[in-house]
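[1] okay, predicted coordinates and the sequence, questions at the end:
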Amino acid sequence: SVFGELVYGEGVYAEGGAGPATAESPLGSVAFDEIRIPERLSRGTIGGPTFRTNVIVVKDGREQRYRVHREALKIRLREHYQHSRGAAGSRSLMHALRNEGDLIGRYKVRRLMKEAQLVSSQPPRHSYKVAKEVSVIAPNLLNREFAVLAPNQVWCGDVTYVWSGSEWLYLAIVIDLYRRRIVGWATSRHPDSALTAQALMRAYESRGRPKKVMFHSDQGCHYTSQHFRHYLWRYQITQSMSRRGNCWDNAPTERFFRSFKTEWMPKNGYANYAQADQDVMRFINYYNYQRQHSYNNYMTPVKAEQTA
């Protein structure tokens, strides 16, 4: 067809329409008898050859105008949106397209999301009671100084639970505050100090056994136990603890769990423990290697560490 030869290369479109629409072929599912190009084509740099032009599709004597470049953008937005399981909003999607070389603003992304009927699943803000009771085990050395200048200076840890069909799955994580990378994790059927110690051991080994690390957590018994504190002593890690009942003192880990439960975890939960365990591992991999983080100027934690 004329459209295929002039716009997307010979053979992409055949008379009568092609296959499903993609970012490279945004009108792939549109059946047509004739396509006319009323405006001069202009080449861009978004996702390969792109064209900021209108085309007129003729089918059964009726004409309909399509904006090819705009349709391609909506398809790519939908792909990023689906990859995030419906969690990505206009800001995240804007940076996703910018990272692919597209000069696009947030307000245009909002309009495209509205046209494509894409709605972010982010929940509203929640109010928390502020407490000031300091731990007798360890002081609050971190004191909400979450901006860290180098890796392996400050790690934060926490535990959450996930319903897995007939039992709870408990997840412990260790996050390096430098670029918000998950460096240690463990899952278990029991929320005990063996779980948190396993996550700490994984972090210590995966980061090359660093020295002079501070580890911050809440005042849960799995962090105040002699078993867990033995590993801190063994690894020469300084312990810091949030004030009792003050989740903002450990905000980065709370934010990670919030992202997992609102962006990734199925709304109906998991069928069994094995399914939940596998999906937790998928999210950690996605979080470290694919999910853009606002703290890192919308780079992934791994990429931010590599480019620092």
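    Sure thing, it's come through.
[2] quick one: the helices in this protein, in order.
    Along the chain, counting by DSSP state H, helices occupy 2-3, 68-83, 90-99, 106-116, 193-206, 221-224, 226-234, 251-259, 273-289, 301-307.
[3] so which of the ones you listed comes closest to residue 144?
    Taking C-beta to C-beta as the criterion, residue 144 comes closest to helix 251-259 out of the helices of the chain, the separation being 7.4 Å. To be clear about C-beta, it is placed using only N, CA and C from the backbone, and glycine gets the same treatment.
[4] what's that closest one in contact with?
    When contacts are defined by C-beta atoms under 8 Å, 6 or more residues apart in numbering, helix 251-259 is touched by residues 87, 123, 144, 146, 156-158, 160, 173, 175, 177, 180, 182, 247-248, 287, 291.
[5] for it, which positions count as buried?
    Neighbour counts over helix 251-259 (16 or more other C-beta atoms under 10 Å) mark 252-254, 256-257, 259 as buried.
[6] equivalent analysis for stretch 90-103, please.
    Of the residues in stretch 90-103, those with enough neighbours to count as buried (16+ other C-beta under 10 Å) are 90, 92-97, 102.
[7] now those residues as JSON lines including pLDDT and distance to residue 190?
    As requested, the buried residues of stretch 90-103 are exported to JSON lines (pLDDT from 0 to 100; distance: C-beta to C-beta, whole Å):
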{"residue": "90", "pLDDT": "74", "distance to residue 190": "41"}
{"residue": "92", "pLDDT": "76", "distance to residue 190": "35"}
{"residue": "93", "pLDDT": "76", "distance to residue 190": "40"}
{"residue": "94", "pLDDT": "79", "distance to residue 190": "43"}
{"residue": "95", "pLDDT": "78", "distance to residue 190": "39"}
{"residue": "96", "pLDDT": "77", "distance to residue 190": "39"}
{"residue": "97", "pLDDT": "78", "distance to residue 190": "44"}
{"residue": "102", "pLDDT": "74", "distance to residue 190": "47"}
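[8] how far away is residue 233 from residue 197?
    Using C-beta to C-beta, to the nearest Å, one obtains 12 Å as the distance from residue 233 to residue 197.
[9] typo on my end, it should be residue 246
    24 Å.
[10] residue 237 now?
    When residue 237 is compared with residue 197 (using C-beta to C-beta), they lie 12 Å apart.
[11] what's the overlap in contacts for those two?
    Counting by C-beta under 8 Å, 6+ apart, the shared contacts of residue 237 and residue 197 are residue 231.
[12] residue 267: which of the buried residues of stretch 90-103 is nearest?
    Within the buried residues of stretch 90-103, the smallest distance to residue 267 is 20.0 Å, found for residue 92 (C-beta to C-beta).
[13] give the contact list for the closest one.
    Counting by C-beta under 8 Å, 6+ apart, the residues that residue 92 touches are 80, 84, 292, 298.
[14] check residue 185 too.
    By C-beta under 8 Å, 6+ apart, the contact list for residue 185 reads 171-174, 199, 202, 280, 284.
[15] excluding its backbone neighbours, what's nearest residue 145?
    Using C-beta to C-beta, 6 or more residues apart in numbering and skipping residues adjacent in sequence, the residue nearest residue 145 is residue 154, 8.0 Å away.
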